Every structure is written in C-alpha cells, then in structure tokens.
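Chemist: pasting the structure only:
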Ligand SMILES: NC(=O)C1=CN([C@@H]2O[C@H](COP(=O)(O)OP(=O)(O)OC[C@H]3O[C@@H](n4cnc5c(N)ncnc54)[C@H](OP(=O)(O)O)[C@@H]3O)[C@@H](O)[C@H]2O)C=CC1
Ligand SMILES: O=C(O)C1=N[C@H](C(=O)O)C[C@H](O)C1
C-alpha cells in the first residue's frame with residue numbers, strides 16, 4: 001500500500017525527523033514539502049538531512065492542485081497550521097496534524113468542516129505513547145484527587161504556551177474530576193502570572209529553558225499525600241511511532257479525531 005505524503009515544516013526540528021521516518025518506511029512516499037521560504041526549490045537544496053529531489057511549495061493550495069497526495073502532515077506553528085488543516089480538509093486530503101497551539105474553537109470548527117467534507121483528520125497534541133499514557137493515568141487519578149496542577153517544561157524555541165499536551169491533559173482530567181476552585185479562597189497574585197494559567201480551576205505552569213525537549217509533570221495532592229505522574233521526551237524520536245501509526249490510521253477515517261488516545 002503506497003501512501004503519498006506532503007509535509008509542511010520540513011526545515012523544523014519535527015519536520016526533519018518526520019521526513020527521515022517517512023524515508024525509512026517502504027509504504028510511505030514523500031511527494032512534496034511546504035516551506036514558506038523556498039518556493040520552487042527541491043528538498044535536498046533546503047536541508048542536509050535528505051537528498052530527495054522532492055518539490056518545495058510555499059502555497060499548499062497550489063501544491064494540492066499539482067501534486068496527488070493521500071496524506072498531509074503539518075509540523076509548523078499555530079497560524080499556518082490551522083490554515084493548512086482547513087485547506088487539507090477542503091481538498092479532501094487526509095491530514096495528520098502535530099502542530100500545537102490550536103484553540104478549542106479552532107478544533108470545533110475543523111471538526112465541523114471535516115464532517116461537512118467527510119475528510120479524515122487526526123490532530124494529536126502529543127504523538128509519544130508515553131505522553132498519551134501520562135494523560136490517561138492522570139484522567140484516572142483525577143477521579144480520586146480533584147486537586148491538581150500541571151507543570152509543562154519545553155525548550156526555549158517553543159512559541160505556544162501552555163503546550164498542546166498540557167491543555168489536552170487538563171481537558172481529559174476535566175472529564176473525571178469534580179470541578180473545584182483550588183487553593184485558598186483569598187489567594188492573590190503578588191506578581192501577575194505567579195499561579196500560572198487556569199482551566200476549570202486547575203493551574204498550568206509553563207517552563208521554557210534551553211536544554212529541555214518536552215516534559216510534563218501532573219501533580220495531585222490529597223490529605224497527607226502527593227501523586228506525581230511524569231513524562232519526558234528526551235528526543236524527537238519519541239514522536240515518530242505515533243506519526244507513523246496516525247498516517248496508516250487516517251487512511252481509514254472520514255472524520256476528525258482529536259488526540260492519539262482515540263485511535264490507539
Ligand atoms: N504533536 C506532537 O507530538 C508534537 C508537536 N510539536 C509541535 O510541532 C510544531 C513544530 O515544532 P518544531 O519542529 O519543534 O518547531 P520548529 O520551529 O523547529 O519548526 C517549525 C517549522 O515550520 C516552518 N514554518 C513556519 N511557518 C510556515 C509556513 N507558513 N509554511 C511552511 N512552513 C512554515 C518554520 O520555518 P521558519 O524556519 O521559516 O520559521 C520551521 O521550519 C509546533 O507546533 C510544536 O508544538 C512538536 C513536537 C511534538
Ligand atoms: O513544541 C514542542 O516541542 C512540543 N509540542 C507539543 C505540545 O505543545 O504539547 C508536544 C510536545 O510537548 C513537544
């Protein structure tokens with residue numbers, strides 16, 4: 001089964017890894033890449049990681065007109081990622097989206113669009129199986145521990161905060177946790193932002209430092225005890241099996257799925 005694939009973000013940290021993975025899998029065939037700076041060139045001219053003579057397009061709509069693709073993968077940043085996802089759905093090219101920073105409204109709109117076009121799409125805030133388990137375990141723990149704070153830690157080149165994983169974790173926890181306002185009722189911030197972001201009373205803290213890759217701790221507190229559920233991505237290899245699985249899985253889908261946990 002040959003699957004023709006387009007990747008957006010081929011010079012990025014994730015894009016480079018994804019292209020190496022695609023080149024290793026016999027079923028996968030990279031047919032074009034989308035890059036905002038190198039329209040008209042070939043992949044081997046814009047990155048040393050690949051010697052493939054694959055065409056580079058700036059405009060995804062133009063690329064869809066000229067290239068026959070089964071799957072589109074986006075690993076860029078929130079704004080282009082959202083536009084690309086819409087375009088892929090409208091062109092009925094199945095989409096695997098790793099780009100984070102989409103809002104709840106973005107996801108809702110894309111879900112509606114994919115229903116309208118019967119076009120398969122997987123949006124996964126985190127493709128690492130360990131991270132998916134961290135989220136599932138946190139969802140289980142929240143039934144018993146409604147007091148929870150999330151600390152996510154990433155490299156300092158990340159543009160969105162909190163991370164897509166942290167938001168997804170909080171959303172999954174919301175499904176089992178009894179809503180409560182945490183901390184002291186009279187709590188106040190002496191420095192703005194000291195208590196982090198808030199989702200349904202849960203606090204999310206974002207750390208950005210060179211040396212980090214992608215890490216998250218979910219800390220639950222109860223009388224006399226703490227439970228910490230932690231995941232570390234030490235390298236971007238950790239995401240590749242999830243992208244590979246999603247490429248195969250999206251070929252069977254005609255709707256949008258948000259979260260890798262829903263296809264494993
Ligand atoms: N779901 C998951 O498991 C994971 C998701 N991510 C997410 O993936 C995304 C990419 O991460 P990462 O590789 O670390 O980021 P990088 O900044 O390293 O790469 C992003 C790339 O996208 C390119 N880009 C920006 N705008 C466009 C555009 N309009 N068209 C084409 N390319 C564009 C950038 O180009 P330029 O150099 O010109 O800026 C850059 O090369 C992020 O949203 C991140 O959060 C990351 C890891 C895992
Ligand atoms: O930007 C990153 O690096 C990552 N982004 C994703 C997110 O926002 O959760 C996934 C992973 O944490 C790495």
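Modeler: Everything's here; your move. Just so it is clear, the model here is predicted, and its values are computed rather than measured. Ligands and ions are numbered 1, 2, ... in the order given.

Chemist: Residue 30: neighbouring residues, count only.
Modeler: For residue 30, the neighbour count with other CB atoms under 10 Å is 20. Quick note: C-beta positions are derived from backbone N, CA and C, even for glycine.

Chemist: I figured it was touching residue 5, is that so?
Modeler: Yes: the criterion here is CB atoms under 8 Å, and residue 30 meets it with residue 5 at 5.5 Å.

Chemist: Name the residues contacting each of these two.
Modeler: Contact with both residue 30 and residue 5 is made by residues residue 22, according to CB atoms under 8 Å, 6 or more residues apart in numbering.

Chemist: mind listing what whatever residue of the stretch 151-264 of the chain ends up closest to ligand 1 touches?
Modeler: Among all residues of the stretch 151-264 of the chain, residue 239 sits closest to ligand 1, at 4.3 Å; criterion: CB to the nearest ligand atom. Each residue near residue 239 by CB under 8 Å, 6+ apart is listed here: 14, 17, 98, 126-128, 233.

Chemist: right, and the pair among these with maximum separation?
Modeler: Greatest spatial distance among the contacts of residue 239 (CB to CB): 17 and 126, at 14.4 Å.

Chemist: quick one: which of these two has more around it?
Modeler: residue 126 (28 against 19).

Chemist: How about residue 202: which residues does it bridge to?
Modeler: residue 199 (DSSP bridges).

Chemist: tell me the secondary structure for the residue of the stretch 151-264 of the chain closest to ligand 1?
Modeler: Three-state call for residue 239 (DSSP: H, G, I helix; E, B strand; the rest coil): helix.

Chemist: Now do stretch 34-48: distance to the chain's middle.
Modeler: On the basis of CA atoms, centre = their mean, to the nearest Å, stretch 34-48 sits 23 Å off its chain's mean C-alpha point.

Chemist: which SSE is the closest residue to residue 143 other than its chain neighbours in?
Modeler: Excluding the flanking residues, the one nearest residue 143 by CB to CB, 6 or more residues apart in numbering is residue 176, at 4.6 Å. Under the criterion DSSP states H and E, no helix or strand holds residue 176.

Chemist: Now do residue 176 against residue 154, distance only.
Modeler: As for residue 176, its distance to residue 154 is 26 Å (criterion: CB to CB, to the nearest Å).

Chemist: Name the residue in the two with the higher neighbour count.
Modeler: More neighbours surround residue 154 than the other of residue 176 and residue 154, with 23 against 14 (other CB under 10 Å).

Chemist: Now the more buried one, what are its backbone angles?
Modeler: phi -140, psi 160 (degrees, to the nearest 10).

Chemist: Let me see the contact set for the residue in the stretch 101-250 of the chain that ligand 1 sits nearest to.
Modeler: Across the stretch 101-250 of the chain, the shortest distance to ligand 1 (CB to the nearest ligand atom) belongs to residue 127, at 3.7 Å. By CB under 8 Å, 6+ apart, residue 127 lies in contact with 98, 238-243, 246, 260.

Chemist: burial count for the nearest residue to residue 43 once chain neighbours are set aside?
Modeler: Residue nearest to residue 43 in three dimensions, not counting chain neighbours: residue 54, with 4.1 Å by CB to CB, 6+ apart. When neighbours are defined as other CB under 10 Å, residue 54 has 22 of them.

Chemist: Could I get the pLDDT score of residue 54?
Modeler: On pLDDT, residue 54 comes in at 97.

Chemist: Which residue is most remote from the mean position of the protein?
Modeler: In the chain, the residue that sits farthest from the middle, by CA atoms, centre = their mean, is residue 186; the gap is 36.0 Å.

Chemist: Tell me the secondary structure at it.
Modeler: coil.

Chemist: distance of it from ligand 2?
Modeler: 33 Å (CB to the nearest ligand atom, to the nearest Å).

Chemist: Residue 142 contacts residue 222, doesn't it?
Modeler: No: taking contacts as CB under 8 Å, residue 142 lies outside contact range of residue 222: 11.4 Å.

Chemist: Thank you kindly, that will do.
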